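# sharing a model prediction with you, sequence too.
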2 protein chains.
Amino acid sequence: MRTTIKQIAERSGLSVPTVSRILSNKGESHLLATRERVLQVARELGYRPNMSARAMRQGRTGTLALLQSGTDQARSLLPAELLAGLLAATAEYDLHLTVAAVPDARLTDQGFMPKILREWSADGLLINYNADIPKAMIELIQSHELPAVWINSMQSADCVYPDDERGGQEATERLLQLGHERIAYATMEGVGHYSDSARRRGYDAAMQRARKSVQHLIVFRHGNVGQESLTNANIEILKGSQAPTAIVCYNTQAVQATIHLATAAGVSTPRALSIIGFCVSPYEALGIRAIDTMVLPELEMGWSAVRMLIRKIEEPHISNAPLPIPYRFEGGWTTAPL
Amino acid sequence: MRTTIKQIAERSGLSVPTVSRILSNKGESHLLATRERVLQVARELGYRPNMSARAMRQGRTGTLALLQSGTDQARSLLPAELLAGLLAATAEYDLHLTVAAVPDARLTDQGFMPKILREWSADGLLINYNADIPKAMIELIQSHELPAVWINSMQSADCVYPDDERGGQEATERLLQLGHERIAYATMEGVGHYSDSARRRGYDAAMQRARKSVQHLIVFRHGNVGQESLTNANIEILKGSQAPTAIVCYNTQAVQATIHLATAAGVSTPRALSIIGFCVSPYEALGIRAIDTMVLPELEMGWSAVRMLIRKIEEPHISNAPLPIPYRFEGGWTTAPL
DNA sequence: CTGAAAGCGCTAACAA
DNA sequence: TTGTTAGCGCTTTCAG
């Protein structure tokens, strides 16, 4: 049977509360001898505290829950780095992280509610919805009394999100500073996420401030068209006399597409074409050392979200200002002065 | 304050156990009237059961824990599909999933133990270690009394893993059946995972059974060499008179590399070069509709692992036979008869 | 510095 | 069909 405090108390000839205090480091006012004895016995018996009991007594579960939008797509909606940040931060504050997904299909179901929202089993909620959040869901969560922080989503309060607009602007400014004038923005067809328009807004703003005209918007279609047509559709842009000398790419996929395109067009990077991309980390493409990257600060975002949520749990009625996380530039080998 | 069963009992003029029984569907022997009344009041007060209390009483937390090896690398060691499978399965059985990571750096630390192992807060353990598992860790977990199932790892019992050898063999056999004779195996430099050697063993076996000589092993180096040298290093293989007409690729990265290489060498797919890759899902590369893929059955693996663990929790002393999960072939547009 | 008593919210066993 | 009693393991008073 599992070892309990009571057993340790009996074995060491002390009372239950004494053992409890020592094992949970409450009050240093204990004889060194008793202390040692208790710890020794606990070790011998392989004691591990029953967190359910502790939680019930203290009114805190010691758990944060991540409510994650549909993971039924192949592409990871829960980026590894974000998860890493959440895990590191929760571990740091001695909390557990439980993950709950709301399948996209059920997102609009009226009746559906994930287990985590039907019960008291976490102290707070981290919400990472990449898709648009149904209004009903937002209200549900707000009426739910559980402290919550939004990740990757702009709300009026209690949210943490990457500063995409500023990121797009900074990427473009870097290229401008290198002397580039014809700078394009490249993205993938059908990206519904607000980050695409936000980065593009930043790009537009930088171009306008520099009094350069906004250049070719390159939109890559996903692969389900024939090899020839796809390549030819964009290849002219890179070969024309007004071809861009630099491109800001929306994501890793767009970077890959751009490189592929450049290879096919016989345009070499960075000699004739500079590239900055929004990637998870300085991406090593084939034949390329590393991409100049605006790194999405997922790790930091995870940490910030956890810290904000902990604050929220401690002071539920104070709402936190939205926290934009700046992108970090990491140099690679894909940009050069014009 | 949070609504409790007691409050519902008072409001509805019934006793606490009656309310408890109705709310947790125990025993159908209740008057319809009382039933309705209780449910009504519960709804009004927004009742949600306190899982800590329930867990303490029942000796079950209703939680499975995923112990995950270091997430400090950029590459996701927790594939989205696996997580999706685990989440779907735990939701199906009305269980929570908590995720705990052991940072690679601390993997060998003697003193280090993740919170989840220091406490009683889960009913069972799902272990997903991609790196080699230190022996000490295995023993620790085995001595830990908590029912455990290994994912992606071959143990003597209680484990679920993809059948890489058979997968490699099947991929190769498909190409042989298409009439190919010069078939290569392509992988990335420095892959430490056993899946590489297992798939390769399967490839070797298929080739030997067909009495074909094992062909060119193509090893792509990661991008940190100049574009020229990398391409040239492998390009000769595809241009030579004994060039392979088909390639089995270890992973998505190797597929990308192969396509890039083929593009550069002027070899078209699938006309002159067939490709089968081990990818997460039929990968849409640029200019390619979809890769012929041996799909890693991560979703199923997640489900199987959860089912096995639940069995293990119910009957801790019965050990489950290792469960190899077969790969699933999904056709694309990158293979053709010779 | 330590112990006795009480109770967190829930459910299982038994009694009515 | 419902109520009474008891107790899961732990921590928090408060008393000694």
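Perfect, thanks for sending it.
# buried residues in the strand or helix carrying A:Met137?
Using DSSP states H and E, A:Met137 falls within helix A:135-142. Neighbour-count burial for helix A:135-142 flags A:137-138, A:141 (criterion: 16 or more other Cβ atoms under 10 Å in any protein chain shown). Bear in mind the C-beta positions are built from the backbone N, C-alpha and C, glycine included.
# can you tell me what sits against that helix?
Helix A:135-142 is contacted by residues A:67, A:102, A:107, A:110, A:113, A:117, A:125, A:127, A:129, A:148, A:155 when judged by Cβ atoms under 8 Å, 6 or more residues apart in numbering or on different chains.
# in JSON lines: these, plus secondary structure, pLDDT and distance to DNA strand C.
As requested, those are arranged in JSON lines below (DSSP: H, G, I helix; E, B strand; the rest coil; pLDDT from 0 to 100; distance: Cβ to the nearest atom of the strand, whole Å):
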{"residue": "A:Leu67", "secondary structure": "strand", "pLDDT": "93", "distance to DNA strand C": "22"}
{"residue": "A:Val102", "secondary structure": "strand", "pLDDT": "82", "distance to DNA strand C": "24"}
{"residue": "A:Leu107", "secondary structure": "coil", "pLDDT": "62", "distance to DNA strand C": "28"}
{"residue": "A:Gln110", "secondary structure": "coil", "pLDDT": "65", "distance to DNA strand C": "25"}
{"residue": "A:Met113", "secondary structure": "coil", "pLDDT": "84", "distance to DNA strand C": "17"}
{"residue": "A:Leu117", "secondary structure": "helix", "pLDDT": "92", "distance to DNA strand C": "15"}
{"residue": "A:Leu125", "secondary structure": "strand", "pLDDT": "96", "distance to DNA strand C": "19"}
{"residue": "A:Ile127", "secondary structure": "strand", "pLDDT": "94", "distance to DNA strand C": "24"}
{"residue": "A:Tyr129", "secondary structure": "coil", "pLDDT": "82", "distance to DNA strand C": "29"}
{"residue": "A:Ala148", "secondary structure": "strand", "pLDDT": "95", "distance to DNA strand C": "21"}
{"residue": "A:Gln155", "secondary structure": "coil", "pLDDT": "89", "distance to DNA strand C": "30"}
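# which among those residues count as buried?
The buried subset of those (16+ other Cβ under 10 Å) comprises A:67, A:102, A:107, A:117, A:125, A:127, A:129, A:148, A:155.
# show me what contacts the second one?
With contact set as Cβ under 8 Å, 6+ apart, A:Val102 has these partners: A:67-70, A:112, A:114, A:137.
# near DNA strand C, which residues of chain A show up?
When proximity is defined as Cβ under 7 Å from any atom of the strand, chain A approaches DNA strand C at A:13-18, A:21, A:27, A:29-31, A:33-34, A:53, A:56-57, A:59.
# the same query, at a cut-off of 10 Å, please.
Within chain A, the positions near DNA strand C by Cβ under 10 Å from any atom of the strand are A:9, A:12-22, A:26-35, A:37-38, A:52-59, A:119-120.
# I figured A:Pro326 was touching A:Asp163, is that so?
Yes - at 5.2 Å, A:Pro326 counts as touching A:Asp163 under the criterion of Cβ atoms under 8 Å.
# out of the two, which sits in the more crowded spot?
The residue with more neighbours, out of A:Pro326 and A:Asp163, is A:Asp163; 17 against 13, by other Cβ atoms under 10 Å in any protein chain shown.
# identify the residue of the stretch 151-300 of chain A closest to DNA strand C, quick one.
Nearest residue of the stretch 151-300 of chain A to DNA strand C (Cβ to the nearest atom of the strand) works out as A:Asp158 at 25.5 Å.
# tally of neighbours for that residue?
22.
# and the next element down the chain from the helix or strand bottoming out on mean pLDDT in chain A?
Least confident helix or strand, chain A: helix A:227-239 with a mean of 65, by mean pLDDT, DSSP states H and E. As assigned by DSSP H and E, the chain's next helix or strand after helix A:227-239 is strand A:246-249.
# quickly find the element holding A:Arg21.
Using DSSP H and E, A:Arg21 falls in helix A:16-23.
# average pLDDT for that helix?
On average, the pLDDT along helix A:16-23 is 94.
# who does the helix or strand that comes right after it touch, helix- and strand-wise?
Next helix or strand after helix A:16-23 toward the C-terminus (DSSP H and E): helix A:32-45. Applying 3 or more Cβ pairs under 8 Å, 6 or more residues apart in numbering or on different chains; DSSP states H and E, one finds that helix A:32-45 makes contact with helix A:5-12, helix A:16-23.
# helix A:32-45 and the last one, what's the angle between them?
What it means is helix A:16-23. 90 degrees (axes from the mean of the first three to the mean of the last three Cα atoms, to 10 degrees).
# ok, the first one next?
Helix A:5-12 runs at 120 degrees relative to helix A:32-45, counting by the same axes, to 10 degrees.
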